[in-house]
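K.L.:
here's a sequence, model it:
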Amino acid sequence: MSSRVSILDKIKQNQPSTVTELPELAGLEFTVPAVLETYKTVLKSIGGDYVEVTNYNDIVAFVKNNYATQKRIITTLPELAEIAALDWFHDDPHSLEDVELTLVKAHFGVAENSALWVTDDILGQRVAPFITQYLAIVVNKNDIITTMHQAYDRIGNQEYGFGTFIAGPSKTADIEQSLVLGAHGARGL
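P.N.:
From the prediction side, this is the model:
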């Protein structure tokens, strides 16, 4: 008998005799009185930034004032066609390597960790939020919920091919504790 088979046999012999049901989490619900303020505070603490706007014209003005509009900017939002390309959904994903800014919309946000839920139906291409230099995700402040428990309840039975929570810019730190932004995703959110 090989050591692999011996190890697997021992694991099989030591399985629990009864199946334990998952605990009921309904009692763990709580609300945060200042959901938006919590979201903004957490986002800042993880390296992201927010801009409060009242309409899409405010977003256009912000992008014009803060980004080099001669560089490649893409969006999935027709309201932002003045500043960003809309015709990239079927391009080869490798051709997106020079994108400076991507603007997309989130389904909702989560205050406790500032995560934004996005799916392939609103991303244009799955690679878009990860290949861009900077990522802007538009979310209505009324669509920010308190906890991840609520988020999972909300997405639990949805149908989607790809979905992810994005919180803050991409970051990593090596063993010398040198923080690097944009190592495997957007440098700024």
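K.L.:
C-alpha from now on. contacts and neighbour counts both.
P.N.:
Will do.
K.L.:
now do the strands in the chain.
P.N.:
72-75, 99-105, 108-110, 115-119, 134-138, 144-145, 163-166, 171-173, 179-181 (DSSP state E).
K.L.:
and those strands: which comes nearest residue 35?
P.N.:
Nearest to residue 35 among the strands of the chain is strand 144-145 (7.0 Å), distances taken as Cα to Cα.
K.L.:
list the helices and strands that closest one packs on?
P.N.:
Strand 144-145 sits against helix 35-45, strand 108-110, with contacts defined as 3 or more Cα pairs under 8 Å, 6 or more residues apart in numbering; DSSP states H and E.
K.L.:
can you rerun that using 6 Å?
P.N.:
strand 108-110 (3 or more Cα pairs under 6 Å, 6 or more residues apart in numbering; DSSP states H and E).
K.L.:
picking up where we left off before, mind telling me which of the strands of the chain the model trusts least?
P.N.:
Mean pLDDT values for the strands of the chain show the minimum at strand 179-181, a mean of 71.
K.L.:
contacts for it, please.
P.N.:
170-173, 187 (Cα atoms under 6 Å, 6 or more residues apart in numbering).
K.L.:
pull up the pairing partners for it, direction included.
P.N.:
strand 171-173 (antiparallel) (DSSP bridges).
K.L.:
dig out what the residue positioned nearest the centre of the chain forms beta bridges with.
P.N.:
Compute the mean C-alpha point of the chain, and by Cα atoms, centre = their mean the closest residue is residue 166, 1.6 Å away. Using DSSP bridges, the bridge partners assigned to residue 166 are residue 116.
K.L.:
I'd say it and residue 115 touch.
P.N.:
Yes - counting by Cα atoms under 6 Å, residue 115 is a contact partner of residue 166 at 5.2 Å.
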